[in-house]
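1. Requesting a structural model of the entry that follows:
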Amino acid sequence: MEISLLAFALAFGLAFANGTNDVSKAIATLVGSEVTNYRSAIVWGTVWTVVGAGLAAYVASAMIKTFSHGLVQTGTIIGPTVTLAVLTGAIAWILFASRTGLPVSTTHALTGAIVGAGFVAFAGEGLVWSAIGKKIALPLLLSPFLAFTVSLLIHPAVRTLAKKWEGACLCVMPASRALVAIDTNGSTKTLFQATSLSQPIMAIPSQCGRAGLQGLVVGLDTIHWISSGLASFARGTNDAPKIVAMLLLGSTTAAWPSMSSQLTAFGGVAIAMGLGSYFGGLRVTKVLAENVTKMNHAEGLSANLTTSALVLASGSFGLPVSTTHISSSAIIGIGLLKGWKSVRWTTVRDMALAWVVTLPASALLAGIAYLILTRIL
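-> Predicted coordinates:
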């Protein structure tokens with residue numbers, strides 16, 4: 001199948017739409033637990049999303065195979081019109097959801113669009129329904145329950161560690177080549193000190209003001225920032241290959257015409273995801289940060305650790321889980337630990353409805369797009 005410029009443009013459009021909806025999943029806890037403001041959180045999530053999406057070119061071959069030819073019968077001819085219809089249907093639904101503030105799944109949207117366009121194009125006979133059920137539907141159905149359970153299991157440990165850490169910090173001192181712990185009273189204890197000039201600790205000076213030390217402070221806020229960056233990175237590595245795979249839809253080998261085509265695809269998708277995240281990610285982030293449950297440091301950290309761990313693990317096995325489902329379910333699980341009334345169930349209801357509607361809506365939009373495109377192309 002020839003990869004047309006229009007297909008590239010639509011793939012980048014889908015990546016932009018993905019950014020507007022999905023950047024929120026890893027950074028909402030930063031705002032919800034009052035670690036930082038919306039703009040700083042979005043910039044942080046954008047940077048690590050782009051990094052993850054770019055590196056996906058080297059670590060996500062399994063995901064590309066699943067979406068490019070694992071769902072289509074061998075020998076089925078997939079014309080460019082089908083690819084364009086799939087991309088159009090997914091873009092339309094995700095942009096609509098982002099505009100209305102609903103966190104939806106790009107994986108769900110792509111799956112629905114593939115089924116919708118395939119059903120109209122060849123009456124569904126070219127689709128591998130068993131693979132759709134086993135490789136996509138089952139992981140998507142199980143991932144919310146898994147995230148919910150994992151967040152409930154790890155949060156007590158995270159909460160205990162957070163209580164011990166609260167008010168304390170580590171100070172990295174470049175001048176002295178030392179790592180110093182500072183407790184809640186400002187007392188210090190040297191944990192490590194290099195004995196050789198060839199063993200610098202860090203090259204960036206800052207302030208450990210409370211104890212009168214010069215160095216880089218690592219506190220609970222820092223750990224939360226790191227967990228959010230890791231979750232954003234995981235999201236990038238999970239979502240970028242699904243989008244890029246649409247350019248190889250129906251291929252029997254998932255091979256690129258040239259290395260430059262592959263680099264252009266992943267580079268363009270990474271940049272487009274970043275642009276969508278930065279310019280359009282605010283609306284959905286507000287929903288997850290403010291309208292599900294209130295969070296503190298430990299709760300936000302637990303949700304991010306759950307999200308990053310499950311998304312990275314599933315991506316390495318080529319299982320297309322939804323970052324949306326995992327992140328949202330982890331946040332809901334954390335809220336339930338504080339009691340039933342701590343969760344805003346009207347928001348959860350709207351989110352769940354959007355998840356259910358995503359598959360048929362994107363399928364319908366892709367089917368309509370196919371009918372239109374066959375008449376104008």
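
2. what does the domain assignment say about the chain?
-> Domain segmentation of the chain under automatic domain parsing yields 5-162+221-376, 169-218.

3. Tally up the residues packed near Arg39, please.
-> 11 (other CB atoms under 10 Å). All C-beta spots, glycine's among them, are computed from the backbone N, C-alpha and C.

4. how far is whichever strand or helix holds it from where the chain is centred?
-> Element membership for Arg39, per DSSP states H and E: helix 38-59. How far helix 38-59 lies from its chain's middle: 9 Å, per CA atoms, centre = their mean, to the nearest Å.

5. Tell me which other helices or strands it touches.
-> helix 5-22, helix 24-32, helix 220-245, helix 259-280, helix 282-290 (3 or more CB pairs under 8 Å, 6 or more residues apart in numbering; DSSP states H and E).

6. which of these is buried the deepest?
-> Mean neighbours per residue, mean count of other CB atoms under 10 Å, is largest over those for helix 24-32, with a mean of 30.

7. how far does that one sit from the chain's center?
-> On CA atoms, centre = their mean, the centre of helix 24-32 falls 11 Å from that of its chain.

8. repeat for stretch 101-109
-> 11 Å.

9. can you list the residues that contact it?
-> The contact list for stretch 101-109 (CB atoms under 8 Å, 6 or more residues apart in numbering) reads 14, 17-18, 21-22, 24-25, 89-90, 93-94, 97, 136, 140, 239, 242-243, 283-284, 286-288, 320-325, 327-328, 350-351, 354-355, 358-359, 362.

10. average model confidence for that stretch?
-> The pLDDT scores in stretch 101-109 average 87.

11. ok, which stretches of the stretch 51-200 of the chain are helices?
-> 61-68, 80-99, 106-122, 129-131, 138-165 (DSSP state H, counting those that start in this stretch).

12. now do the stretch 251-377 of the chain
-> Under DSSP H, counting those that start in this stretch, the stretch 251-377 of the chain gives helices at 259-280, 282-290, 297-316, 323-336, 345-376.

13. So which of these is nearest Val31?
-> Nearest to Val31 among the helices of the stretch 251-377 of the chain is helix 282-290 (4.1 Å), distances taken as CB to CB.

14. which other helices and strands contact that closest one?
-> For helix 282-290, the elements it packs on are helix 5-22, helix 24-32, helix 38-59, helix 80-99, helix 323-336, judged by 3+ CB pairs under 8 Å, 6+ apart.

15. for Leu5, what are its contacts?
-> By CB under 8 Å, 6+ apart, Leu5 has no neighbours at all.

16. Could you report the neighbour count for Ala303?
-> 38.

17. Setting aside sequence neighbours, what's the nearest residue to it?
-> Ala330 (4.2 Å; CB to CB, 6 or more residues apart in numbering).

18. Save the helices of the stretch 251-377 of the chain as a markdown table, and put in distance to Ile223 and mean pLDDT too.
-> Output for these, formatted as a markdown table (distance: least, CB to CB, whole Å; pLDDT from 0 to 100):
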| stretch | distance to Ile223 | mean pLDDT |
| --- | --- | --- |
| helix 259-280 | 23 | 90 |
| helix 282-290 | 19 | 87 |
| helix 297-316 | 6 | 81 |
| helix 323-336 | 16 | 83 |
| helix 345-376 | 27 | 90 |
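
19. Report the central residue of the protein.
-> The C-alpha lying nearest the average C-alpha coordinate of the chain belongs to Arg235 (CA atoms, centre = their mean; 2.5 Å).

20. which ones are touching that one?
-> Here Arg235 is in contact with Asp22, Val23, Lys25, Ala26, Thr49, Gly52, Thr307, Val311, Thr323 (criterion: CB under 8 Å, 6+ apart).

21. re earlier: redo the helices and strands packed on helix 282-290 as CSV? Include distance to Met295.
-> Below are those laid out as CSV (distance: least, CB to CB, whole Å):
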stretch, distance to Met295
helix 5-22, 19
helix 24-32, 4
helix 38-59, 13
helix 80-99, 22
helix 323-336, 7
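
22. what residue ranges in the stretch 151-300 of the chain score low on pLDDT?
-> In the predicted model of the stretch 151-300 of the chain, residues 165-169, 173-176, 183-188, 195-219, 250-257 satisfy pLDDT under 70.

23. can we see that at 90?
-> 151-228, 230-231, 234-235, 237-239, 241-242, 245-265, 284, 287-300 (pLDDT under 90).

24. can you list the helices and strands packed on helix 38-59 in TSV and add distance to Val104?
-> Listed next are the helices and strands packed on helix 38-59 as TSV, based on distance: least, CB to CB, whole Å:
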stretch	distance to Val104
helix 5-22	6
helix 24-32	11
helix 220-245	12
helix 259-280	14
helix 282-290	9
